[in-house]
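Student: Sequence and predicted model, in that order:
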Amino acid sequence: MIKTTKFDVLDHLKTPAEQIAYLEAAFESDDPGFIAVAIGDIARARGVVRFAKATGLSRAAIYKGFRLGGNPTIGSVNKATRALGMKLLLAPVGRPEKKPARKAVRAA
């Protein structure tokens, strides 16, 4: 028989580097639900009271917004990422397609 142990993500979010890597993976997933859950997991790993003080958000806002099915505001996400020493930035999704150059047509 194979013995298994229960996985707890908090066991893997002990350092700021682990927390940032987890949040980066969440943002790369393009899944808003995963992003919200990841921030909530990090809040729990740091201690919700401490995280609330660092973000300026209430504990209730953290529990409500940063969970599966939560819908945090962009302001809340910004405050959370700032508390982690990060900031939100825009980046192009991919390289834009280059349109072929049009050749000039001379009038006859």
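Tutor: Nice, thanks for sending it over.

Student: where do the helices sit along the protein?
Tutor: Under the criterion DSSP state H, the chain contains helices at 16-28, 32-46, 48-55, 59-65, 74-83.

Student: Quick check: phi and psi at Asp30.
Tutor: Taking degrees, to the nearest 10, you get phi 60, psi 20 for the backbone angles of Asp30.

Student: Please tell me how far it sits from Val93.
Tutor: Noted for Asp30: a distance of 9 Å to Val93, by Cβ to Cβ, to the nearest Å. For every residue, glycine as well, the C-beta is placed using N, CA and C.

Student: Looking at those two, which is more packed in?
Tutor: Between Asp30 and Val93, Asp30 has the larger neighbour count (other Cβ atoms under 10 Å), namely 9 against 6.

Student: just for this protein, where's the confidence low?
Tutor: Across the chain, the ranges flagged by pLDDT under 70 are 95-108.
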